[in-house]
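Trainee: Below are the sequence and a predicted model; questions follow.
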Amino acid sequence: MAKASLMALVLKAVCISCLSSFALAAEKLNVVGKVYCDTCRVEFETKLSEPISGATVKLECKKEKDDAVTFSREAVTNATGGYNIPVEGDHDEEICSVRVDKSPRPDCNERMEAWEKSRVELSGNDGLADPTRTANNLGFKKKEALPGCTQVLKEMGFPMGKVEPVP
């Protein structure tokens with residue numbers, strides 16, 4: 001009798017777990033991320049990097065077969081450079097990515113090829129329990145490197161004299 005009760009309890013727990021997974025799949029997903037200014041022009045973040053408030057980012061999902069856009073939404077970054085994009089629908093069979101669109105800073109608006117977009121998985125069927133998807137940080141380069149960059153890069157283990165702009 002105790003074994004039957006235990007089995008019933010385990011079966012109930014498994015069913016509840018499965019139902020919560022289905023409920024999460026129907027739930028809206030959110031894409032979050034950050035946009036920064038690469039103040040050292042090295043195309044990665046340093047302690048001198050600055051968040052960009054008011055930058056525009058765009059999330060797009062496209063069909064793999066023909067590149068047809070199935071979902072598109074823009075967002076503007078907050079004071080800390082962060083953004084949150086609510087996503088409607090499941091995009092399991094699509095390629096989705098967030099890209100930087102515009103920087104409000106005239107001194108920091110050069111695109112960085114490596115960090116101008118980030119792919120994100122937007123499916124409730126991907127095994128992730130959390131509805132929040134975090135994109136890689138994206139950024140723009142400052143027109144001229146800050147004076148303290150050489151020292152910061154030396155501290156990071158990059159032996160160099162003067163910081164040269166990346167073409």
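Mentor: Structure received.
Trainee: Quick check: the spatially most central residue of the chain vs L59, distance?
Mentor: Note on the chain: the residue nearest the mean C-alpha position is A135, at 1.3 Å, using C-alpha atoms, centre = their mean. Distance, A135 to L59, using C-beta to C-beta, to the nearest Å: 8 Å. C-betas here are computed from N, CA, C, even on glycine.
Trainee: Could you tell me which residues touch both of those two?
Mentor: 31, 98, 120 (C-beta atoms under 8 Å, 6 or more residues apart in numbering).
Trainee: Tell me who's in contact with the last one.
Mentor: Contacts were defined as C-beta under 8 Å, 6+ apart; by that measure V120 touches 31, 59, 96-98, 133, 135.
Trainee: Which strands or helices does whichever strand or helix holds R73 pack on?
Mentor: According to DSSP states H and E, R73 maps onto strand 69-76. Using 3 or more C-beta pairs under 8 Å, 6 or more residues apart in numbering; DSSP states H and E as the contact test, the elements touching strand 69-76 are strand 56-63, strand 82-87, strand 94-102.
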